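S.K.: Sequence first, then the predicted structure, then my questions.
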Amino acid sequence: MSGSAFHLTVIAKEPVAGRVKTRLVPPLSHRQAADIARACLVDTFAAVTATVADLDGVAPVALIDGAPGEWIPPGYHVFEQRGDGLGERLRNGFADLGPGVIIGMDTPSVGPLLADAIASVRAGHDVLGMTFDGGYWGIGLGCPDGSEFDDVPMSTDHTGQAQLDRLIALEREVDILGTVPDLDHYDDIATMVGLLPGSELERVAARL
């Protein structure tokens, strides 16, 4: 990542049937659920690629659990996730990468918000983008020190608020980005497709 002061990172799991999007099964099969996960990855990486193309000094990064695949576009720096839980993996990700923004793979509609996230981090602020189910789709840290994820419960309906409370307790200046839906359940597919006309997700969903 030579020459890049900041990163815009997708934290993602390899889309292997039976390991991803298991809450879509049933009505989908594990193979179909993995196809949905791959489509979300393709669209999320496309949003990151478009954002970094217009920014100087921002490296596109894939922080992966599993084997990298063709769903990672050319030009990305690829790092392996380290740690047992999501909080530990986020902490280690920022330790490896430094100041920047890490987003998940379940909210490919966040493209229009990513430039603002990077602008906040450039200003030395932290940034948080929430999801409607109580989680968060992305977090940016202007000066990560490893303490940002202490005692923050992951994968609950109040993870987003708990993360915000933690950053405030650390006396960080936090910029809040837009709240968006994520794709966890079968009914979420139609909602996401409506936000992403012409996307890979729309193409894959049309086959289901």
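M.R.: Everything's here; your move.

S.K.: How far away from the center of its chain is the longest helix seen in the chain?
M.R.: Counting residues, the longest helix in the chain under DSSP state H turns out to be helix 30-53. Distance of helix 30-53 from its chain centroid, counting by C-alpha atoms, centre = their mean, to the nearest Å, is 10 Å.

S.K.: Now that helix: buried residues?
M.R.: 30, 32-49, 51-52 (16 or more other C-beta atoms under 10 Å). In short, each C-beta sits where N, CA and C put it, glycine included.

S.K.: again, but for stretch 82-100
M.R.: 86-87, 89-94, 96-100.

S.K.: so of the residues you listed, which ones are in helices?
M.R.: Those of the buried residues of stretch 82-100 lying in helices (DSSP H): 86-87, 89-94, 96-97.

S.K.: Redo those residues as a markdown table? Include distance to Gly135 and pLDDT.
M.R.: A markdown table is the format used below for those (distance: C-beta to C-beta, whole Å; pLDDT from 0 to 100):
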| residue | distance to Gly135 | pLDDT |
| --- | --- | --- |
| Leu86 | 10 | 96 |
| Gly87 | 12 | 97 |
| Arg89 | 15 | 98 |
| Leu90 | 12 | 98 |
| Arg91 | 17 | 98 |
| Asn92 | 20 | 98 |
| Gly93 | 17 | 98 |
| Phe94 | 18 | 98 |
| Asp96 | 23 | 96 |
| Leu97 | 21 | 97 |
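
S.K.: for these, which one is nearest Asp182?
M.R.: Leu86 (13.8 Å; C-beta to C-beta).

S.K.: Who are the contact partners of the closest one?
M.R.: 154-155 (C-beta atoms under 8 Å, 6 or more residues apart in numbering).

S.K.: separation between it and Leu167?
M.R.: Remark: distance between Leu86 and Leu167 (C-beta to C-beta, to the nearest Å) = 16 Å.

S.K.: low pLDDT regions in the chain?
M.R.: Scanning the chain for pLDDT under 70 picks out the ranges 2-3.
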